[in-house]
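*Asks:* Predicted model and sequence below, questions to follow.
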Amino acid sequence: MVNSTHFSTEQTGKWLDELIVIINKASFKWLLAPEIYRGDSFQGVLENPADALKVAVLSRTIMKSYSPKSDLRIAIGIGTIDLITDRPGTSDGEAFRLSGHLADNIRKQKARIGIALPENSEPLNAIMDLLETLIENWTPAQSEVVAALIQNKNISEIVAQLSISQPAVSQRITSTKWWAIEHFLRTFPQHLALYTKMK
């Protein structure tokens, strides 16, 4: 969690608990369900690597919806798994090592979502930099709408959930450049396939 020291331990704990509940309820399949560790971090293992970016963007929008200063850095490791235990922290393999190394170094890069792959993936990293230029400017109100869209809610459902007008929802969708985000999220499996053996 970024800027966790700006908030009370109770506040960050509540936010992370709520975030974990939402991404657990979403349509993602987990090999190991996300768990909080070190107080201001969480980790999990997805069955399908193609879901990783959607989970990451959803997680950031949820956290950014709480405060203009709240955000996440997310290190995604994609690779083989040699040992799977009951917890991500005690499991092992290429994916865990790539993720761990990236988590240790992600502060050095500007994009707050990083993806570590066994293959050189600089073109993908460049796209992640462009993605960051959109996400970093989202307000809490805009983040709420994007989080709802990623959870496949339609405009009527978002209007009811947030108790705002339909024009307000539409304005937030436009201002977040959702059309570009949705396109990248939808085609991410194809981007990933360029660097892995996924089909």
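*Replies:* Right, received. Where do you want to start? Residues are numbered from 1 along each chain as shown.

*Asks:* What confidence value was assigned to the spatially most central residue of the chain?
*Replies:* Centroid-nearest residue in the chain, with C-alpha atoms, centre = their mean: Ala56, separated by 1.1 Å. You'll see Ala56 listed with a pLDDT of 98.

*Asks:* Strands of the protein, residue ranges please.
*Replies:* Ranges of strands in the chain, per DSSP state E, are 30-37, 41-46, 74-77, 113-116.

*Asks:* In the protein, mark out all the helices, start to finish.
*Replies:* 9-25, 52-64, 94-105, 122-135, 140-150, 155-162, 166-175, 178-193 (DSSP state H).

*Asks:* would you list the ones you listed in TSV and tack on distance to Thr85?
*Replies:* Bear in mind the C-beta positions are built from the backbone N, C-alpha and C, glycine included. Output for these, formatted as TSV (distance: least, C-beta to C-beta, whole Å):
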stretch	distance to Thr85
helix 9-25	19
helix 52-64	20
helix 94-105	11
helix 122-135	29
helix 140-150	29
helix 155-162	37
helix 166-175	41
helix 178-193	25
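
*Asks:* Among the ones you listed, which comes closest to Gln43?
*Replies:* helix 94-105 (7.9 Å; C-beta to C-beta).

*Asks:* Buried residues in that closest one, which are they?
*Replies:* For helix 94-105, the neighbour count (16 or more other C-beta atoms under 10 Å) marks 94-96, 98-100, 102-103 as buried.

*Asks:* What of stretch 131-147?
*Replies:* So stretch 131-147, judged by 16+ other C-beta under 10 Å, has buried residues 131-132, 134-135, 138, 142-147.

*Asks:* Out of those residues, which is nearest to His191?
*Replies:* Checking the buried residues of stretch 131-147 against His191 with C-beta to C-beta, the nearest one is Leu131 at 11.2 Å.

*Asks:* shouldn't the closest one be in contact with Gly114?
*Replies:* No: using C-beta atoms under 8 Å, Leu131 makes no contact with Gly114, being 11.0 Å away.

*Asks:* Return the residues in contact with Ala75.
*Replies:* 99-100, 102-103, 106, 114, 116 (C-beta atoms under 8 Å, 6 or more residues apart in numbering).

*Asks:* And the pLDDT at Met198?
*Replies:* 54.

*Asks:* likewise Arg60?
*Replies:* pLDDT at Arg60 comes out at 98.

*Asks:* That one: neighbouring residues, count only.
*Replies:* Other residues lying near Arg60 total 26 when counted by other C-beta atoms under 10 Å.
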